[in-house]
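Novice: got a predicted model here, sequence first, then my questions.
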Amino acid sequence: MIRILLAEDDQVMREYLARALERSGYAVSAVDRGTAALPLLNSERFDLLLTDIVMPEMDGIELAQKAADIAPDMRVMFITGFAAVTLKAGKAVPHARVLSKPFHLRDLVMEVDRMFEVGTATGL
């Protein structure tokens, strides 16, 4: 089963995304900030880091850079509502995907499926 580490500071959004991904067959561990994600990255294996870019304490870009040192094979997808940081994310982590808010849950699941070439029927 593909394991996703979700870092999103907005509680409602975090729960919404985690539930949609779990319904689509992914195992999701969700945290509310980048600094909470680091211990999990050090102790568990994840296939994907799905992170908001703008978060308190440590932004998603810094988290992705630290994650690359810990788990270089892990894929990264950023989610953001700020167009200006999308460009910054692309320069800092060039192999990452960026999904701009607002997006439909179906779009998120389709992007994750594409990253892993999974053909799931999402029902979303």
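Specialist: Yep, that arrived.

Novice: going forward, measure contacts between C-alpha atoms and count neighbours the same way
Specialist: Noted.

Novice: may I have the phi/psi pair for D52?
Specialist: Backbone geometry at D52, expressed as degrees, to the nearest 10, gives phi -70, psi 150.

Novice: got a list of what the closest residue to it other than its chain neighbours touches?
Specialist: Spatial nearest neighbour of D52, chain neighbours left out: I79 (4.7 Å); criterion: C-alpha to C-alpha, 6 or more residues apart in numbering. Residues in contact with I79 (C-alpha atoms under 8 Å, 6 or more residues apart in numbering) are 50-53, 98-101.

Novice: go with 6 Å
Specialist: 52, 98-100 (C-alpha atoms under 6 Å, 6 or more residues apart in numbering).

Novice: make a ChimeraX selection of the buried ones in those residues.
Specialist: Buried members of these, defined by 16 or more other C-alpha atoms under 10 Å, are picked up in ChimeraX with:
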select :52,98,99
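
Novice: redo the contacts of I79 as TSV? Include distance to T35.
Specialist: Listed next are the contacts of I79 as TSV, based on distance: C-alpha to C-alpha, whole Å:
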residue	distance to T35
D52	13
V98	21
L99	22
S100	23
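
Novice: tell me the centre residue of this protein?
Specialist: In the chain, the centroid-proximal residue (C-alpha atoms, centre = their mean) is L50; its distance is 0.5 Å.

Novice: run through the chain and note the low-pLDDT ranges.
Specialist: 83-91, 118-124 (pLDDT under 70).
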